[in-house]
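Engineer: Sequence and predicted structure, then a few things I'm wondering about:
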Amino acid sequence: MRGAVDLSALQRPQSPPPGEPGGAPAAGGYVLDLTEESFPQVVQDSATYPVVVLLWIPTDQANAELGTLLGRLADEYAGRFLLARVDAQALPQVAAAFRVEGVPTVVAVLQGQPLPLFAGAAPEDQVRAVLDQVLAAAEQNGIVGRAPAQGAVEDDGQAAAQPEPEPELPPCTRTRTTPSSGVTTRPRSPHTRRPCGRTPRTRSRPPGSRRCACWRARTT
């Protein structure tokens with residue numbers, strides 16, 4: 001049946017899950033594990049930068065080796081393309097959307113359009129040549145953006161959520177003269193008196209009287 005994925009890889013030598021010793025690297029950097037929720041957004045992002053999709057079974061040894069190679073190249077190309085991995089066993093609907101018949105299969109996505117690249121294992125020099133062809137085709141179609149490293153946006157958001165504290169204002173040292181007594185005084189210590197925070201108002205005062213606008217007015 002067209003679109004059905006051959007899972008015969010389950011009968012081949014097995015590999016530890018991604019991120020465990022002996023298995024493929026865990027997602028991160030320029031490698032993303034697709035989910036049904038993230039799939040539409042990744043397809044949309046393919047209009048900004050190339051997306052290379054690996055349809056695989058992560059615990060199959062041959063699949064894990066290809067996933068390791070593609071992940072290393074994705075980091076080496078530093079965002080010129082995003083590697084999106086699809087677990088064909090866990091997400092058969094997403095895998096069937098690419099109309100593949102076996103794993104591993106590699107498909108490029110440019111401006112939402114899938115472009116089959118190759119199926120099965122391939123040596124590194126051939127994989128590099130295919131990736132360079134994808135990048136050249138993307139450039140011809142104006143797709144020249146770079147994929148963001150996974151996790152970079154969240155870290156920036158956390159940093160932006162913590163604004164720098166405002167510097168403390170120094171205490172006022174201006175003096176004032178009380179009209180009735182003619183005695184010049186200074187405001188109390190800032191530990192016992194705080195600025196009022198009100199906008200100063202202009203009004204007439206007896207000649208020679210002065211009052212600091214940053215302290216609460218006191219009736220004399």
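Structural biologist: Noted; the coordinates are in hand.

Engineer: Going by C-alpha atoms from here, please, whenever you check contacts or count neighbours.
Structural biologist: Noted.

Engineer: hey, C-alpha coordinates of stretch 44-62 in PDB?
Structural biologist: Output in PDB follows, covering the C-alpha atoms of stretch 44-62 (Å, rounded to 0.1, in the frame of the first residue of the first chain):
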ATOM      1  CA  GLN A  44       5.900  26.400   7.700                       C
ATOM      2  CA  ASP A  45       9.400  27.200   8.700                       C
ATOM      3  CA  SER A  46      10.700  25.400   5.600                       C
ATOM      4  CA  ALA A  47       9.900  28.700   3.800                       C
ATOM      5  CA  THR A  48      12.600  30.400   5.800                       C
ATOM      6  CA  TYR A  49      15.300  27.700   6.000                       C
ATOM      7  CA  PRO A  50      15.700  24.200   4.600                       C
ATOM      8  CA  VAL A  51      14.400  21.300   6.600                       C
ATOM      9  CA  VAL A  52      15.900  17.800   6.200                       C
ATOM     10  CA  VAL A  53      13.600  15.100   7.600                       C
ATOM     11  CA  LEU A  54      15.000  11.800   8.700                       C
ATOM     12  CA  LEU A  55      12.300   9.100   9.000                       C
ATOM     13  CA  TRP A  56      13.800   6.400  11.100                       C
ATOM     14  CA  ILE A  57      13.500   3.900  13.900                       C
ATOM     15  CA  PRO A  58      15.800   5.200  16.600                       C
ATOM     16  CA  THR A  59      16.600   1.800  18.200                       C
ATOM     17  CA  ASP A  60      17.700   0.200  14.900                       C
ATOM     18  CA  GLN A  61      21.500   0.100  14.500                       C
ATOM     19  CA  ALA A  62      21.600   1.200  10.800                       C
END
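
Engineer: hey, which helix or strand in this protein has the poorest pLDDT?
Structural biologist: Among the helices and strands of the chain, helix 152-160 carries the lowest confidence by mean pLDDT, DSSP states H and E, at a mean of 44.

Engineer: Run through the strands of the protein in chain order.
Structural biologist: Listed in chain order, the strands of the chain (DSSP state E) span 31-33, 51-56, 82-87, 105-110, 113-119, 176-177, 184-185.

Engineer: what comes up buried for stretch 115-125?
Structural biologist: By 16 or more other CA atoms under 10 Å, the buried positions in stretch 115-125 come out as 116-117, 119, 121.

Engineer: Now do the same contact list for the closest residue to Gly28 other than its chain neighbours.
Structural biologist: Closest residue to Gly28 apart from its sequence neighbours, by CA to CA, 6 or more residues apart in numbering: Gln150 at 5.5 Å. The neighbours of Gln150, taking CA atoms under 8 Å, 6 or more residues apart in numbering as the test, are 28-32.

Engineer: go on, Ala24?
Structural biologist: Counting by CA under 8 Å, 6+ apart, Ala24 touches 16-18, 58, 64-65, 67-68.

Engineer: closest to Ala88 among these?
Structural biologist: Pro58 (8.9 Å; CA to CA).

Engineer: What's the local residue count around the closest one?
Structural biologist: Neighbour count of Pro58, defined by other CA atoms under 10 Å: 25.

Engineer: And for the one 5 residues further on?
Structural biologist: Neighbour count for Asn63, taken as other CA under 10 Å: 24.

Engineer: Then Glu36?
Structural biologist: Close neighbours of Glu36, defined as other CA under 10 Å, add up to 11.

Engineer: for it, phi and psi?
Structural biologist: Here is the backbone geometry of Glu36 (degrees, to the nearest 10): phi -60, psi -30.
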